[in-house]
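Student: Got a sequence here, can you model it:
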Amino acid sequence: MKIVVIGGTGLIGTKLVRRLRQRGHEVVAASPSTGVNSLTGEGLAGALAGAEVVVDVANAPSFEDKAVLAFFETSGRNLLAAEAAAGVKHHVALSVVGTDRMLGSGYFRAKMAQEKLIEASGIPYTLLRATQFFEFMDGIARSSADAERVRLSSAQLQPIAAEDVAEALADVTLGPPVNGIVEVAGPERRPLAEFVGKYLSAKKDRREVIADAEAPYFGLRIDDRSLTPGDGARVMPTRFDDWLAVSLAGAP
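Tutor: Numbers count the residues shown, from 1 in each chain. Take a look at the predicted model:
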């Protein structure tokens, strides 16, 4: 089966492409660097010719409110139109757990717009909403830090390893369209500040981590429900401590 992965050279895309090829499928890793640009439409028709499934894991280059909305709307329309012309049978997109509860954020409004385009397209689809990635811990810390301390929300998170996201995506890609949302998360639910504190400690970063219920998460106040999955989510096996040990072992 021919599968096209939009964003196939990024964090999740490279891992997904590898898995799908290992399972014996013809996979196109599509991105601007390989001559396929969903934002401009360049190369889409050729890449999608003969494809049965398209997986969209592309992310916006800018998270500024107008720019991120323009990216997901324009890219989404171009991609779905090309899929309709090519007769694609299943559209899979990676989204975020809590998207519908975080609409005070321009990024999440853009992801919701993307989801609505997919739902209205008429192409059979599956939306895989994942929780925050372990790999984001450094960026989360930097967003809330000064020279001596890191102030973070005490709200619960249930983050997931990028490798596990790719594994869940591979399964969804090779399964039938659900025409709805599937959630996937890691195995542990703890306060955000605890995850980041453990990450910084392992990296020998001595800044104090302060848990504060009022501390914003990228500009928004969150609670225990904001970014955690509902009942029925698929729970993947990689624990944070195990991921952290592997990550540190691979660090230069």
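Student: Tell me where the stretch 51-200 of the chain is predicted with low confidence.
Tutor: 145, 147 (pLDDT under 70).
Student: for this protein, which helix is longest?
Tutor: In the chain, taking DSSP state H as the definition, the longest helix is helix 65-86.
Student: Sort out which residues of it are buried, please.
Tutor: 68-72, 75-76, 78-80, 82-83, 86 (16 or more other CB atoms under 10 Å). For every residue, glycine as well, the C-beta is placed using N, CA and C.
Student: What of stretch 169-177?
Tutor: Judged by neighbour count (16+ other CB under 10 Å), stretch 169-177 contains these buried residues: Leu169, Ala170, Val172, Thr173, Leu174.
Student: Of those residues, just say which sits nearest to Pro187.
Tutor: Nearest to Pro187 among those: Leu169, at 17.7 Å, using CB to CB.
Student: what helix or strand does the closest one sit in?
Tutor: Assigned by DSSP states H and E, Leu169 belongs to helix 162-174.
Student: Output that helix in CSV with nothing but the alpha carbons.
Tutor: The C-alpha coordinates for helix 162-174 follow below in CSV (Å, rounded to 0.1, in the frame of the first residue of the first chain):
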residue,chain,number,x,y,z
ALA,A,162,7.4,10.6,20.5
GLU,A,163,8.3,7.0,19.6
ASP,A,164,5.0,5.9,21.1
VAL,A,165,3.1,8.6,19.2
ALA,A,166,4.6,7.2,16.0
GLU,A,167,3.7,3.6,17.0
ALA,A,168,0.1,4.6,17.6
LEU,A,169,0.0,6.6,14.4
ALA,A,170,1.2,3.6,12.4
ASP,A,171,-1.5,1.4,13.9
VAL,A,172,-4.2,4.0,13.1
THR,A,173,-2.8,4.5,9.6
LEU,A,174,-3.0,0.8,8.8
